[in-house]
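>>> Pasted the sequence and its predicted model underneath.
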Amino acid sequence: MEALPRETIVDVLERKLREDILAGRHPAGSYLPPERELADGFGVTRTTLKHAFGRLVQSGLLETRHGVGTRVRDFLRLGGTDLLPMLVRHSPDWIGEIFEVRRSVGALIAERAADRATAEQVTELRRLLAAVGAADGGDPAQLADAEVHRALARATGNRVYVLLTNTLFNAYLPLRAALAGPFADARAAHGRLAPVVEAVAAGDPAAARTAAGHYLSTTERIMLEGLARSGGRPGDAR
């Protein structure tokens, strides 16, 4: 048994402010009320409020200017993909847009990997693919599948593809359990992914792109069905 973390006042306040910002109750570009007014309204000290502000500044939702105030940042214009896990926790609707990027980027990565993979990388891909089929249960199979996609990204020789792949996997985390459907049967998961790896191993970019597109569309459909069964709520997906 693992002890559950206990929420602090700062945790609760951070979550409340974050939800208010993402829900539009504090629009982008607007200034939050003065610290003393906010602290009194929430029944917390200004020190607690400053700690919550610090976290939200670090996450890219707020910016503080000394002597001016704390303003809501236009994260859709200025933010990066590191915001995705937080946005998915706020609203699972983001998953549909993440999947759209997953399909296009994933197919391109497979195509590039087929053109550029070395013999050593092909050997690694086949080893990682075998681990998917040998996984004991859906969760290990899901993790093993992720490692194949990371290896595909590395095989492109382009580090940006590697970081994009990591970002997309990180974005799934709040809903991961609800997206485990394609991996419940490890042998079936292996069978769906094998054509992608074999096309890359054969050095056939067109076949790799086609195989990846089919794989990504099929697993997306299964994932979305699982998400619908969970009600599409992050809390139900843990």
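Alright, I've got the coordinates.

>>> Tell me how far Leu224 lies from Asp93.
Counting by CB to CB, to the nearest Å, the separation of Leu224 from Asp93 is 12 Å. For the C-beta atoms, the positions are set from N, CA and C on the backbone; glycine is no exception.

>>> who's more crowded, these two?
Leu224 (17 against 10; other CB atoms under 10 Å).

>>> Could you list which residues are in contact with the more buried one?
Residues in contact with Leu224 (CB atoms under 8 Å, 6 or more residues apart in numbering) are Ile95, Gly96, Phe99.

>>> is it fair to say the first one lies in a helix?
Yes - when classified by DSSP: H, G, I helix; E, B strand; the rest coil, Ile95 is found to be part of a helix.

>>> just to revisit the earlier point, what subset of the contacts of Leu224 is buried?
Buried subset of these (neighbour count, 16 or more other CB atoms under 10 Å): Ile95, Phe99.

>>> Now the one helix or strand His214 maps to: buried residues?
In this structure, His214 is located in helix 205-229 according to DSSP states H and E. Buried residues in helix 205-229, counting neighbours by 16+ other CB under 10 Å, are found at 205, 207-213, 215-216, 219-220, 222-224, 226-227.

>>> May I ask which helix or strand of this protein has the lowest mean pLDDT?
Least confident helix or strand, the chain: helix 84-90 with a mean of 85, by mean pLDDT, DSSP states H and E.

>>> same for that helix, what does it pack against?
Counting contacts by 3 or more CB pairs under 8 Å, 6 or more residues apart in numbering; DSSP states H and E, helix 84-90 packs against helix 9-22, helix 94-116, helix 159-172.

>>> Contacts only, for the residue nearest the centre of the chain.
Centroid-nearest residue in the chain: Ala171, 1.0 Å away (criterion: CA atoms, centre = their mean). Going by CB under 8 Å, 6+ apart, Ala171 touches Thr81, Leu84, Pro85, Val88, Trp94, Ile98.

>>> if you set the cut-off to 6 Å instead, what comes out?
Leu84, Pro85, Val88, Ile98 (CB atoms under 6 Å, 6 or more residues apart in numbering).

>>> Against Leu179, how distant is it?
Computed as CB to CB, the Ala171 to Leu179 distance reads 11 Å.

>>> again, but for Thr156
In terms of CB to CB, Thr156 sits 24 Å off from Leu179.

>>> any idea how far the residue nearest to the centre of the chain is from Leu83?
Taken as CB to CB, the span from Ala171 to Leu83 is 9 Å.

>>> pLDDT weak spots in this structure?
1-5, 231-238 (pLDDT under 70).

>>> Can you mark which positions in stretch 181-199 are buried?
Buried-residue list, stretch 181-199, by 16+ other CB under 10 Å: 181-183, 186, 189-190, 192-199.

>>> contact partners of it?
Contacts for stretch 181-199 (CB under 6 Å, 6+ apart): 110, 114, 125, 129, 132-133, 135, 138, 141-142, 207-208, 211-212, 215, 219, 222-223, 226.
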